[in-house]
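Visitor: for reference, the sequence and a predicted model appear below.
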Amino acid sequence: MGRNLALELVRVTETAALASARYMGRGDKNGADGAAVEGMRLAFQSIDIDGEVVIGEGELDEAPMLYIGEKLGTGKGMETDIAVDPLEGTSLIAKGLPNSIAVLAMAEKGCLLKAPDTYMKKIVVGPEAKGAIDITDTVANNILKVSKALDKRVSEVTIMVQDRERHQYIIDEARAVGARIKVFSDGDIAAALAACFEETGVDIFMGIGGAPEGVITAAAVKCLGGDMQGCLNPLSQEEINRCKEMGFDEEKLYKILLLDDLAKGEEIFFAATGITSGDLLKGVVYLKGDKAKTHSIVMRSKTGTVRFVEAYHRLDKNSIMTNLMDKYREI
Ligand SMILES: O=P(O)(O)OC[C@H]1O[C@](O)(COP(=O)(O)O)[C@@H](O)[C@@H]1O
């Protein structure tokens with residue numbers, strides 16, 4: 001795998017975002033997701049990799065595209081695991097709310113955890129607080145350790161938490177020690193990513209969200225030198241059964257997953273494009289004259305390079321985009 005691949009991958013998330021953003025504010029989650037999936041899949045076709053989707057839209061019989069096991073790329077290059085979330089934050093885009101992204105992660109074959117579609121408890125911090133987290137410890141102790149590692153007063157530590165009833169204990173414990181809480185409604189990959197960038201003002205991400213999103217987050221955290229721990233958190237017998245079907249027996253089911261258990265290896269790539277504007281990425285803007293502007297991040301763990309890519313697209317000149325845009329123009 002090489003450095004050009006990073007830019008090839010950002011083209012994939014850009015294409016998904018450009019197609020999906022046509023649905024912004026239209027109250028149609030499924031339409032927006034379908035457009036993102038189609039854009040992502042088309043853009044993958046010309047990339048020289050022998051890729052396989054390990055985290056995708058579901059099984060073959062429930063998802064016609066980007067299903068788990070689907071082959072991506074020309075089949076000529078390196079064997080890779082690919083984790084995709086063509087539209088992360090389906091309700092965000094439907095309502096025109098911030099923070100929806102098109103996102104993917106890629107690593108050498110066998111290096112991304114094949115996570116079941118269930119919940120996962122997660123904690124994420126940036127590079128400065130690496131080694132200071134312990135998912136088995138209390139919220140308060142994690143905050144105290146992170147504040148020490150960051151050399152910040154506890155009152156300056158901000159924890160990003162998804163606005164869900166199940167997280168009330170995090171909010172209560174964090175406030176009890178004097179820390180700050182920032183809630184978000186949806187899209188925990190972008191929210192966790194914010195904890196790895198000092199300029200966002202977010203120091204810790206905590207909570208329970210999707211396990212597939214957890215693996216994609218781990219790939220980003222690896223590229224950024226941050227830290228993450230997770231633990232599968234199935235909420236029903238049906239979810240427990242789903243975990244078991246995917247090889248998570250009693251012993252493995254509640255094992256603490258360290259960063260390398262989620263995403264390992266030398267070569268990890270992460271790419272994301274903003275669909276609606278958020279903390280880190282601006283959303284898609286369609287411009288006059290069949291043009292559009294996107295804002296993306298692309299990272300490679302081997303070199304540690306983090307690129308923010310602002311791109312102007314001529315939708316009438318790029319064959320994939322022209323076809324897609326014609327299809328989604330009048331929705
Ligand atoms: O909405 P729930 O059930 O609390 O699940 C949380 C999960 O939903 C999301 O907020 C959005 O997921 P979708 O893009 O599939 O709608 C994820 O980022 C998060 O992991």
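Guide: Right, received. Where do you want to start?
Visitor: quick one: the closest residue to K130 other than its chain neighbours and the ligand, what's the gap?
Guide: Leaving out its chain neighbours, the residue that sits closest to K130 by Cβ to Cβ, 6 or more residues apart in numbering is D227, at 4.3 Å. Heads up, the C-betas are built off the backbone N, CA and C, glycines and all. Between D227 and the ligand the distance is 19 Å, computed by Cβ to the nearest ligand atom, to the nearest Å.
Visitor: please apply the same query to I297.
Guide: 17 Å.
Visitor: show me what that residue is bridged to.
Guide: I297 forms beta bridges with A272, F308, as assigned by DSSP bridges.
Visitor: what is the burial count for it?
Guide: Neighbour count of I297, defined by other Cβ atoms under 10 Å: 25.
Visitor: list the residues that contact it.
Guide: I297 is in contact with L193, F270, A271, A272, L280, L281, V306, R307, F308, V309, counting by Cβ atoms under 8 Å, 6 or more residues apart in numbering.
Visitor: please apply the same query to S301.
Guide: Residues in contact with S301 (Cβ under 8 Å, 6+ apart) are A219, K222, C223, G265, E266, E267, I268, F269.
Visitor: try it again at 6 Å.
Guide: Each residue near S301 by Cβ atoms under 6 Å, 6 or more residues apart in numbering is listed here: K222, C223, I268.
Visitor: out of everything not next to it in sequence, what's closest to it?
Guide: Excluding the flanking residues, the one nearest S301 by Cβ to Cβ, 6+ apart is I268, at 4.0 Å.
Visitor: do you know the pLDDT at that neighbour?
Guide: Note on I268: pLDDT of 97.
Visitor: please name the bridge partners of it.
Guide: Taking DSSP bridges as the rule, I268 bridges to A107.
Visitor: how close does it get to D186?
Guide: From I268 across to D186, the span is 25 Å (Cβ to Cβ, to the nearest Å).
Visitor: repeat that for P116.
Guide: Counting by Cβ to Cβ, the gap from P116 to D186 is 20 Å.
Visitor: please apply the same query to A219.
Guide: For A219 relative to D186 (Cβ to Cβ), the value is 20 Å.
Visitor: again, but for Y328
Guide: In terms of Cβ to Cβ, Y328 sits 22 Å off from D186.
Visitor: same check, this time on I143
Guide: According to Cβ to Cβ, I143 and D186 sit 24 Å apart.
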